[in-house]
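Model the following, please.
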Amino acid sequence: MLLDPQKVTAEMLKAYIKYQEANDLLKEKWYDFVFLSPRWWVGIFLGLIPWYMWWKFHNKNYTGDIFRAGLFMALIALLMDSIGVQLGLWIYPYDVFPFIPGDTPWDLTLLPVSAMFLIEMKPKWSPIKKAIIYALLVTLIGEPLALFFKVYEPLHWNSIYSFPVYVFLFYLCNKLARSKKYNSKMN
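Reported below is the predicted structural model:
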């Protein structure tokens, strides 16, 4: 059944207006309760300090290869996190930015930087073994800490669901970092 494009546009515009109103309310509440709060500052520091530490301590011979893997992790994590928030699976009460659905320190710093460090460590270890270790660390330590500090609130999600996702993401990142097609020096 084909609908009149003008009717579709009108109905989508109505939905968008409601979405915009909800977004405005979210930004207002964020500004009133979150912006410049101690948890907001922690988010800022968690978004910056790990990158500084990675830059200072990583093997500079592999910067491009490792960074490419981290960038991939960051983009996929942000995309998946955004989808999860939009689907109502979880929320982040203390978002650093109210207009990005997802936890930017987690998606753009903690996940990629920890993956980049682990890719560099023990280069001869099995990528599957490292992926499992990464997923265990994230699901058994990272997510529970976020819950404890109340910066993450699952609504229709259990951390155990995240485990295979993190295994798969780390494995892909590791493969990307070591890909002969793009790789300059890494084995």
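
Can you tell me the closest non-neighbouring residue to G88?
Nearest residue to G88, sequence neighbours excluded (Cβ to Cβ, 6 or more residues apart in numbering): L155, at 5.8 Å. Every residue, glycine included, has its C-beta placed from N, CA and C.

Please tell me I have it right and that neighbour contacts L89.
Yes: using Cβ atoms under 8 Å, L155 is in contact with L89, at 6.1 Å.

Who has more neighbours out of those two?
Between L155 and L89, L89 has the larger neighbour count (other Cβ atoms under 10 Å), namely 15 against 11.

contacting residues for the more buried one?
154-157 (Cβ atoms under 8 Å, 6 or more residues apart in numbering).

again, 10 Å this time
The contact partners of L89, taken as Cβ atoms under 10 Å, 6 or more residues apart in numbering, are 81, 83, 154-158, 161.

how about JSON lines for those, with secondary structure and pLDDT added?
Below are the contacts of L89 laid out as JSON lines (DSSP: H, G, I helix; E, B strand; the rest coil; pLDDT from 0 to 100):
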{"residue": "D81", "secondary structure": "helix", "pLDDT": "95"}
{"residue": "I83", "secondary structure": "helix", "pLDDT": "95"}
{"residue": "P154", "secondary structure": "strand", "pLDDT": "96"}
{"residue": "L155", "secondary structure": "coil", "pLDDT": "96"}
{"residue": "H156", "secondary structure": "coil", "pLDDT": "96"}
{"residue": "W157", "secondary structure": "coil", "pLDDT": "95"}
{"residue": "N158", "secondary structure": "coil", "pLDDT": "93"}
{"residue": "Y161", "secondary structure": "helix", "pLDDT": "95"}
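
Only whichever of the residues you listed are buried, select them in PyMOL.
Of the contacts of L89, the buried ones go into a single PyMOL selection, burial set by 16 or more other Cβ atoms under 10 Å:
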select buried, resi 81+154+157
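
following the longest helix along the chain, which helix or strand comes up?
When the chain is parsed with DSSP state H, its longest helix is helix 5-33. As assigned by DSSP states H and E, the chain's next helix or strand after helix 5-33 is helix 38-57.

residues of that next one that come out buried?
Buried residues in helix 38-57, defined by neighbour count with 16+ other Cβ under 10 Å: 40, 43, 46-47, 50, 54.

go on, stretch 69-77?
69-70, 72-74, 76-77.
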